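Q: this is a predicted model, with the sequence first.
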Amino acid sequence: MYKRGLIQVWSLEQPDWHCKIDEGSAGLAASFWSPDGRHILNTTEFHLRITVWSLCTKSVSYIKYPKACQQGVAFTKDGRHMALAERRDCQDYISIFVCSNWQLLRHFGTETQDLAGIDWSPNGCVLAVWDTCLQFKVLLYSLDGRLLSTFSAYEWSLGIKSMTWSPSSQFLAIGSYDEKVRILNHVTWKPITELEHPASISDPKIVVYKEVESGRPPRSEDFAGLPTRSNATSSLFGTRSKYEISPSPFSLRTIKPDPDRANPKIGVGELAFSPDNRYLATRNDNMPHTIWIWDVQKMKLFVVLEQVAEVRSFLWDPRQPRLAICTGNSKVYLWSPTGCVSVQVPTEDNFQLLSLCWHSDGNSLLLMSKDHFCLCYLEAEEEDEK
């Protein structure tokens, strides 16, 4: 949370241009860009309102009653519409705005007890709304506010923990606390399969990659004399750990969640489709060392990766089925259908990688630790040799 309600914006193309945005005594809880890059949306403290600041016209718009929830704001992929979760008179609502002028397009109530999040399908035709984790309930709304379908897998137990759309908008994957992923189709909005996360892999057709550490840890002198990016990339791929293919049956590392603590480590906490709709990657939180990769065409488990440390984050390359993984150490791990590689981050400091982000062209990765970041370029071997 920000200490002050003040934001400063600079132009990368015009270094002399900058502006200040001051929310005054309202304070600032969150701030983010609109998809067109011409507006900044600020959420004030206690979620009193959202302020829309135009960097072009200097106009200001106010949106009242934003709800404080897991994912309360969602833009369509084309950036034309924004959906906002609201809470008025102890009831949940959805407001849909036109982003060109921030005019209200639709406003309707939802059949939720305590709305937890919203997310547009990539084609912008369907808005998924999910309820509190205390109740398994998903509602699908059209752009004009019509309720298309409602899905509930079970009752009287912890429900939805994560959710994501496939890039084609044909599938909606729902991760829940019962350690399963249910995939709904876009025609009937009914589940076509349930993906389970067993503690042991017995099918010999499933490839299990296990990370094995070897050799001494890297020292600062290992990265001395790297004047060019190509040389740095060559040293970058010198491995300090590697993957081995483990035979079946293979028992995965699990942890026993503490039922007396809030937010227990159990259930599918993260899931993501590859950009070509071919693969789905998941993480079951009570198996924090493991990444599961599913073949979406066959709706079967394809590959399992077991890391030495707990998986912090993973993200697909936006251009191809290549998955980047970080586990809080100084390595980034890459998986593709051709295999796995462990990549040492070439920094002199003790760089603990906590999160990562792909560039839109898929040729570079932004790697972030608590206090530093590193920009990693992925170059083909042919380019390195030139």
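A: Done, it's in. These numbers come from a predicted model, not from an experiment.

Q: contacts, neighbours, all on C-alpha from now
A: Will do.

Q: quick one, domains of this structure?
A: Using automatic domain parsing, the domains assigned to the chain come out as 1-64, 69-196.

Q: just these: most buried one?
A: domain 69-196 (a mean of 18; mean count of other Cα atoms under 10 Å).

Q: would you single out the least confident of the domains of the chain?
A: The minimum mean pLDDT among the domains of the chain belongs to domain 1-64 (a mean of 84).

Q: what's the spacing between it and its chain's center?
A: Computed by Cα atoms, centre = their mean, to the nearest Å, the chain-centroid distance of domain 1-64 equals 24 Å.

Q: ok, stretch 55-69 next?
A: Relative to the chain's own centre, stretch 55-69 is displaced by 25 Å; criterion: Cα atoms, centre = their mean.

Q: now tabulate the domains of the chain in a markdown table and tack on distance to P249.
A: Below are the domains of the chain laid out as a markdown table (distance: least, Cα to Cα, whole Å):
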| stretch | distance to P249 |
| --- | --- |
| domain 1-64 | 47 |
| domain 69-196 | 17 |
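
Q: between these, which gets nearest to L323?
A: Among the domains of the chain, the nearest to L323 by Cα to Cα is domain 69-196 (15.4 Å).

Q: how far does the closest one stretch from start to finish?
A: Terminal residues of domain 69-196 lie 28 Å apart, using Cα to Cα, to the nearest Å.

Q: how about stretch 293-302, which residues are buried there?
A: Buried residues in stretch 293-302, defined by neighbour count with 16 or more other Cα atoms under 10 Å: 293-294, 296, 299-302.

Q: for it, list the C-alpha coordinates in PDB.
A: Extracted in PDB, the C-alpha atoms of stretch 293-302 (Å, rounded to 0.1, in the frame of the first residue of the first chain):
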ATOM      1  CA  ILE A 293       1.700 -29.800 -17.300                       C
ATOM      2  CA  TRP A 294      -1.400 -31.200 -19.000                       C
ATOM      3  CA  ASP A 295      -2.100 -31.900 -22.700                       C
ATOM      4  CA  VAL A 296      -5.300 -30.000 -23.400                       C
ATOM      5  CA  GLN A 297      -6.100 -31.800 -26.600                       C
ATOM      6  CA  LYS A 298      -6.100 -35.200 -24.800                       C
ATOM      7  CA  MET A 299      -7.100 -33.800 -21.400                       C
ATOM      8  CA  LYS A 300      -4.400 -36.000 -19.800                       C
ATOM      9  CA  LEU A 301      -1.300 -35.400 -17.700                       C
ATOM     10  CA  PHE A 302       1.700 -34.900 -20.000                       C
END
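
Q: coming back round to it: so which two of the buried residues of stretch 293-302 are the farthest from each other?
A: Pairwise distances across the buried residues of stretch 293-302 (Cα to Cα) peak at 10.5 Å, for the pair I293 and M299.

Q: just to revisit the earlier point, can you say which of the domains of the chain is nearest to H359?
A: Nearest of the domains of the chain (Cα to Cα): domain 1-64, 16.1 Å.

Q: and the gap between W17 and W292?
A: To W292, W17 is 47 Å away according to Cα to Cα.

Q: go on, L143?
A: Distance from L143 to W292, counting by Cα to Cα: 33 Å.

Q: could you do K265 as well?
A: Shown here: K265 relative to W292, a distance of 17 Å by Cα to Cα.

Q: any idea what sits nearest A26, other than its immediate chain neighbours?
A: T44 (5.8 Å; Cα to Cα, 6 or more residues apart in numbering).

Q: over to that neighbour: give its phi and psi.
A: phi -80, psi 170 (degrees, to the nearest 10).

Q: my guess is it contacts L28, does it?
A: Yes. T44 is within contact range of L28, at 4.4 Å (criterion: Cα atoms under 8 Å).

Q: quick one: contacts for the closest residue to N284 other than its chain neighbours?
A: Leaving aside its chain neighbours, N284 sits nearest to V268 (4.3 Å; criterion: Cα to Cα, 6+ apart). Going by Cα atoms under 8 Å, 6 or more residues apart in numbering, V268 touches 161-162, 175-181, 282-285.

Q: closest to Q344 among those residues?
A: Ranked by distance to Q344 (Cα to Cα), the contacts of V268 are led by R283 at 22.9 Å.

Q: that closest one: neighbour count?
A: 25 (other Cα atoms under 10 Å).

Q: and the helix or strand where F32 lies, which strands flank it?
A: Per DSSP states H and E: F32 is located in strand 30-33. Applying DSSP bridges to the sheet, strand 30-33 is found paired with strand 39-43 (antiparallel).

Q: after the partner strand comes which helix or strand?
A: strand 49-54.

Q: strand partners of that next one, parallel vs antiparallel please.
A: strand 39-43 (antiparallel), strand 60-64 (antiparallel).
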